[in-house]
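Undergrad: sequence unavailable; structure follows:
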């Protein structure tokens, strides 16, 4: 089976986009793993099937049909389903603006398994309204013989945020850090975070189903929430987040009576073509 693809990244968190506007494809776990394989396939941290909300029976898409035309069907590199991806949704937005006759001058709502995400395009990047954050009970994260307390933050995906003095304390991150399976029954993204200055942090992340990645949008949001709570910082303070693949901006805002995380960063499309998939 030959399918079209587009390859893109946001701060080097990279994705294979599979155009499927009319919902004719069903990607299996083996096919997703092949597409993400950096030696045998195209190479990516995840796969985004680009489908209209009225062309899929995914419950999240069905629920949001009145609010959004497009649905982000996101899969981790191991083929497992994921709620959404903050970097990936920007790449998806750029694809829609350049390939699907979407007007970038207007806000673009996209349905995801974590709820509606609205994108705003500007010269300095794409801003995503990531919705609110939920902070739960403190947990623990371990690497080797070391362990740290972690802030449990839900930002569409589950996160455990560890504040460290040096990002090297995370080790090589070739294996998932140890975590409390009762707190995170579906797995967890783990962020190791250090301070660089006022309203300025840096992080490394191990993503469930993908391993260490060059960036994580929902993780950057979770990291800022944890840092702001620790710093007792005022809402609406813009934080800079350095990741191995670049820089993101996150603002935890309560303007207009809301509680929302605004994530701003770049998106780049680097290639497109055809790829052969095993049935």
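TA: Ah, there it is. Since we're looking at a predicted model, the values are computed, not measured.

Undergrad: how far away from the center of its chain is the helix or strand harbouring residue 118?
TA: Per DSSP states H and E, residue 118 falls inside strand 115-122. On the basis of CA atoms, centre = their mean, to the nearest Å, strand 115-122 is displaced by 13 Å from the centre of the chain it belongs to.

Undergrad: now stretch 243-252
TA: Distance of stretch 243-252 from its chain centroid, counting by CA atoms, centre = their mean, is 12 Å.

Undergrad: stretch 69-89 too?
TA: On CA atoms, centre = their mean, the centre of stretch 69-89 falls 8 Å from the chain's centre.

Undergrad: buried set for it?
TA: By 16 or more other CB atoms under 10 Å, the buried positions in stretch 69-89 come out as 69-77, 79-80, 82-89. In short, each C-beta sits where N, CA and C put it, glycine included.

Undergrad: distance between stretch 152-167 and the chain's centre?
TA: Distance of stretch 152-167 from its chain centroid, counting by CA atoms, centre = their mean, is 13 Å.

Undergrad: quick one: residues contacting residue 102.
TA: Neighbouring residues of residue 102 by CB atoms under 8 Å, 6 or more residues apart in numbering: 93, 96, 108.

Undergrad: out of the buried residues of stretch 69-89, which sit inside strands?
TA: Assignment to strands by DSSP state E places the following of the buried residues of stretch 69-89 there: 70-76.

Undergrad: and the spatially most central residue of the chain, how far from residue 232?
TA: Nearest residue to the geometric centre of the chain (CA atoms, centre = their mean): residue 85, 2.3 Å. Separation of residue 85 from residue 232 (CB to CB, to the nearest Å): 30 Å.

Undergrad: before we move on, back to that, what is the strand holding residue 118 packed up against?
TA: Applying 3 or more CB pairs under 8 Å, 6 or more residues apart in numbering; DSSP states H and E, one finds that strand 115-122 contacts helix 86-99, strand 108-112, strand 125-129.

Undergrad: residue 37 contacts residue 45, doesn't it?
TA: No - shown here, residue 37 and residue 45 do not form a contact pair, counting by CB atoms under 8 Å, at 11.7 Å.

Undergrad: looking at the two, which is more packed in?
TA: residue 45 (26 against 13; other CB atoms under 10 Å).

Undergrad: possible to save the ones in strands among the buried residues of stretch 69-89 as CSV with pLDDT and distance to residue 255?
TA: Formatted as CSV, those follow (pLDDT from 0 to 100; distance: CB to CB, whole Å):
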residue, pLDDT, distance to residue 255
70, 98, 26
71, 98, 28
72, 98, 25
73, 98, 31
74, 98, 28
75, 97, 34
76, 96, 33
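
Undergrad: of those residues, closest to residue 191?
TA: When these are ranked by distance to residue 191 (CB to CB), residue 76 comes first, at 16.4 Å.

Undergrad: what's the closest non-adjacent residue to that closest one?
TA: Using CB to CB, 6 or more residues apart in numbering and skipping residues adjacent in sequence, the residue nearest residue 76 is residue 209, 2.9 Å away.

Undergrad: from residue 3, how far off is the one you found?
TA: Applying CB to CB to residue 209 and residue 3 gives a distance of 22 Å.

Undergrad: neighbour count: these two, which is higher?
TA: residue 209 (20 against 16).

Undergrad: who touches that one in this structure?
TA: Residue 209 sits next to 76-80, 82, 187 when contact means CB under 8 Å, 6+ apart.

Undergrad: tell me if it really is in a helix.
TA: No - Residue 209 is assigned coil when assessed by DSSP: H, G, I helix; E, B strand; the rest coil, not a helix.

Undergrad: buried residues in stretch 41-57, which are they?
TA: Within stretch 41-57, the residues scored as buried using 16+ other CB under 10 Å are 41-42, 44-53, 56.

Undergrad: between which two of those residues is the distance greatest?
TA: For these, the farthest-apart pair by CB to CB is 41 and 53; their separation is 27.9 Å.

Undergrad: ok, residue 14 - contacts?
TA: Counted by CB under 8 Å, 6+ apart, residue 14 has contacts 7-8, 43-45, 214.

Undergrad: inside strands: which ones of these?
TA: 7-8.

Undergrad: quick check, nearest of the contacts of residue 14 to residue 171?
TA: Closest to residue 171 out of these is residue 214 (17.0 Å), distances taken as CB to CB.
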